[in-house]
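Enquirer: what's the 3D shape of this:
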Amino acid sequence: MDDEIKQQGSVRILSREYWRDAAKLLSNTRVLTYAAMIIALRVAVKLWRIPIADGLFLTFDCYVNAIGSIVYGPVVALLVGAVSDSLGCIIAPSGPYFFPFILVEMSSSFIFALFLWRQKLGPYRVLLSKFSVNFVSNIILTSLIMKWNYAVVYGSEKAYPFINAVRIVKNLITFPIESMLICIILGALIKPLKILKLIRPDQEEMKFDTKHIVTIAVLTLLSIALILFYIFFLKDYLDAHNIKLL
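Expert: Numbers count the residues shown, from 1 in each chain. This next block holds a predicted model:
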């Protein structure tokens with residue numbers, strides 16, 4: 001087994017050892033092969049999305065992102081985010097290309113890795129990782145880059161507000177169900193990843209006690225309630241004011 005993978009115990013994120021080991025994975029053939037598979041999956045899932053209401057969709061990138069970041073850590077995660085964004089824009093473009101958007105993909109991969117790689121995993125840590133990605137990458141960073149993009153393309157910084165209520169609403173609606181699914185997926189994959197020697201052998205499997213099950217159930221019900229709220233109440237308001245969630 002590779003030395004980088006068999007290292008025992010959690011490592012503090014701010015320690016020199018943590019970042020040294022994360023950088024070493026750039027030369028780990030097994031990890032880089034896995035990273036290449038994750039890149040291919042992330043590009044492929046950009047073509048798929050499930051409509052749950054008019055103007056609102058569930059996407060799959062966050063799940064692939066999470067199961068990749070748990071293996072290859074924050075340094076490789078930055079590279080994976082950059083490559084998957086670039087290939088995604090070439091294969092499945094969704095509008096005019098604006099290079100700084102690469103930072104959104106890179107930051108989401110980096111944040112997931114900080115929370116998940118070589119850490120003691122539990123449902124609450126996974127929930128916090130997804131919340132951080134939504135808040136930092138999807139709301140703050142995306143809004144800043146959108147404002148920059150509008151300033152460059154349309155010549156007006158006021159064309160896109162920094163505090164974008166529509167983006168916040170979208171992330172609020174999708175956060176519970178996405179977090180719940182990430183918890184379930186990671187919980188199911190820890191054992192296979194250990195068998196494949198992609199994560200360290202002493203990585204504890206995620207344990208779901210009564211509190212965690214209740215939390216997941218509440219998140220599921222919250223997602224359903226938010227989706228119904230959007231369909232039957234919020235959508236009419238957005239349509240009346242010509243506001244789109246796209």
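Enquirer: use CA for all of it now, contacts and neighbours both
Expert: Noted.
Enquirer: host element of residue 182?
Expert: Assignment of secondary structure by DSSP states H and E places residue 182 within helix 165-195.
Enquirer: angle of whichever strand or helix holds residue 213 against helix 165-195?
Expert: Secondary structure assigned from DSSP H and E places residue 213 in helix 210-229. Interaxial angle of helix 210-229 relative to helix 165-195 (axes from the mean of the first three to the mean of the last three Cα atoms, to 10 degrees): 140 degrees.
Enquirer: other residues contacting helix 210-229?
Expert: By Cα atoms under 8 Å, 6 or more residues apart in numbering, the list of residues contacting helix 210-229 from outside reads 52, 53, 123, 124, 173, 174, 175, 176, 177, 180.
Enquirer: picking up where we left off before, tell me what the helix holding residue 182 is packed against?
Expert: Using 3 or more Cα pairs under 8 Å, 6 or more residues apart in numbering; DSSP states H and E as the contact criterion, the secondary-structure elements in contact with helix 165-195 are helix 61-91, helix 123-132, helix 210-229.
Enquirer: just name the most buried of those.
Expert: helix 61-91 (a mean of 22; mean count of other Cα atoms under 10 Å).
Enquirer: any idea of the mean pLDDT for it?
Expert: Looking at helix 61-91 alone, the average pLDDT works out to 94.
Enquirer: how far does it sit from its chain's centre?
Expert: 9 Å (Cα atoms, centre = their mean, to the nearest Å).
Enquirer: now for it, which elements pack on it?
Expert: helix 16-24, helix 29-45, helix 102-116, helix 165-195.
Enquirer: quick one: those helices as CSV, columns for mean pLDDT and mean neighbour count too.
Expert: Supplementary listing: those in CSV, determined by pLDDT from 0 to 100; neighbours: other Cα atoms under 10 Å:
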stretch, mean pLDDT, mean neighbour count
helix 16-24, 93, 15
helix 29-45, 94, 18
helix 102-116, 96, 23
helix 165-195, 84, 18
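Enquirer: which residue is nearest the middle of the protein?
Expert: Against the mean C-alpha coordinate of the chain, by Cα atoms, centre = their mean, the closest residue is residue 62 at 3.7 Å.
Enquirer: residues contacting that one?
Expert: Residues near residue 62 by Cα under 8 Å, 6+ apart: 178, 182.
Enquirer: before we move on, what about residue 31?
Expert: If you count contacts by Cα under 8 Å, 6+ apart, residue 31 has them with 25, 71, 72, 198.
Enquirer: swap in residue 32?
Expert: Shown here is residue 32, whose contacts under the criterion Cα under 8 Å, 6+ apart are 25, 26, 72.
Enquirer: perfect, I'm done here.
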